[in-house]
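Novice: here you go, sequence then predicted model.
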Amino acid sequence: MAMFTYISSITMAEERTFRIGLISTTLSAFSMLGAAITEYVVQYLGYVGSFSLTCFIYSSCFVYALVYIPEIKRSEVLFGTQPKPEETSAVSDYGRNFVVFLRELFDFRNVRDTFVFLFRKDSSRDDRKKHGKIVLMMINGLIMWGPCAGEFTVLYLYTRSAFHWNEYNNNSFNTIYYLTEFLGTFFSVAYFTKYLQVQDSLLGVIAVVSTLCGTLIFAFANTSFIFCSGALASLFSNASFVAMRSIISKITSAEELGKVMSAFMLFEAMGPLLYNPMYSTVYRLT
């Protein structure tokens, strides 16, 4: 959430889709890498070593973000000026602002305000239309991400029963899936968004059609080869989240961008919470 909010805050509207797409492409690339090397990392380092390596990577990312990524002042967010790293270092005035930070972090009114502003009665008609679009994007994110999460909950159980896969086969499929997702996201960002200047809504339609085709292949595949081809059919599935985040960032004011992104990511997080038990129950009963 913080990555997408930050990049949206420092980027002009016409470049947001491209940069948000770059972040999604990077996430897909390292998800692919992680899926490919997980088996070997666990084999050679064991569980303790694997979790220790993960802790080290997260700690390194935290230190890098704290030291090298400039903080954006509130005035710069509101008026759209570019941040000045030498004046807005994340560690400047750290001691003075730490108490204020803790006070705001544990202020539950921030949670309430994240959603209340979407339903304010004193909003203008244009604001209500924008807020309605934002709510629809959040629901759309829940509908798109939920089935994906639920699907992967029972995927290994299904392939082990239908195609007699083992852990190695499942890991290979995950690598193929993340590879195609990376290539599809990279192509959609580099070609559709940057070269063809495709609108975000059309990019979302392409992603939904691709996801639907891949899901149908997964559902009716009778061989391992056909099942794996479903990953190729869902090549552009990840582009839907690029489009939704870009649309939200463009119709949201700079002052409310953090709240909206927080609410959007909360709806995404609700997807596995709702769909994972649903898919597990359906699989168990059928």
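Specialist: It's in.

Novice: so residue 227 makes contact with residue 217?
Specialist: Yes - between residue 227 and residue 217 there is a contact at 7.3 Å, judged by Cβ atoms under 8 Å. Glycine gets a C-beta too; all of them are placed from N, C-alpha and C.

Novice: so these two - more neighbours on which side?
Specialist: Neighbour tally, residue 227 and residue 217, criterion other Cβ atoms under 10 Å: the higher count belongs to residue 227, 21 against 18.

Novice: quick check: nearest residue in space to the more buried one, chain neighbours excluded?
Specialist: Closest residue in space to residue 227, ignoring its immediate chain neighbours: residue 221 at 3.8 Å, by Cβ to Cβ, 6 or more residues apart in numbering.

Novice: so what does the one you found look like in phi/psi?
Specialist: Dihedral angles of residue 221 (phi, psi; degrees, to the nearest 10) stand at phi -70, psi 140.

Novice: how near is it to residue 172?
Specialist: Going from residue 221 to residue 172 by Cβ to Cβ, to the nearest Å gives 16 Å.

Novice: with residue 18 instead?
Specialist: Residue 18 is 32 Å from residue 172, by Cβ to Cβ.

Novice: residue 136 now?
Specialist: Taking Cβ to Cβ, one finds residue 136 at 38 Å from residue 172.

Novice: what's the mean pLDDT across stretch 36-53?
Specialist: Per-residue pLDDT values over stretch 36-53 give a mean of 85.

Novice: in it, what counts as buried?
Specialist: Neighbour counts over stretch 36-53 (16 or more other Cβ atoms under 10 Å) mark residue 36 as buried.

Novice: then stretch 266-282?
Specialist: Buried, per 16+ other Cβ under 10 Å, within stretch 266-282: 266-268, 271-272, 275-276, 279.

Novice: can you pick out the most distant pair from those residues?
Specialist: Greatest spatial distance among these (Cβ to Cβ): 266 and 279, at 20.7 Å.

Novice: lowest average confidence, helix or strand, in the protein?
Specialist: Ranked by mean pLDDT, DSSP states H and E, the helix or strand of the chain with the weakest confidence is helix 74-79, at a mean of 50.

Novice: who are the contact partners of residue 39?
Specialist: 167-168, 171 (Cβ atoms under 8 Å, 6 or more residues apart in numbering).

Novice: swap in 6 Å and give it another go.
Specialist: residue 171 (Cβ atoms under 6 Å, 6 or more residues apart in numbering).

Novice: element containing it?
Specialist: Applying DSSP states H and E as the criterion places residue 39 in helix 13-68.

Novice: for residue 133, same thing?
Specialist: helix 125-162.

Novice: could you point out which element follows that helix?
Specialist: Next in sequence after helix 125-162, counting helices and strands by DSSP H and E, comes helix 167-187.

Novice: can you pull the buried residues of that following helix?
Specialist: 169-171, 173-186.
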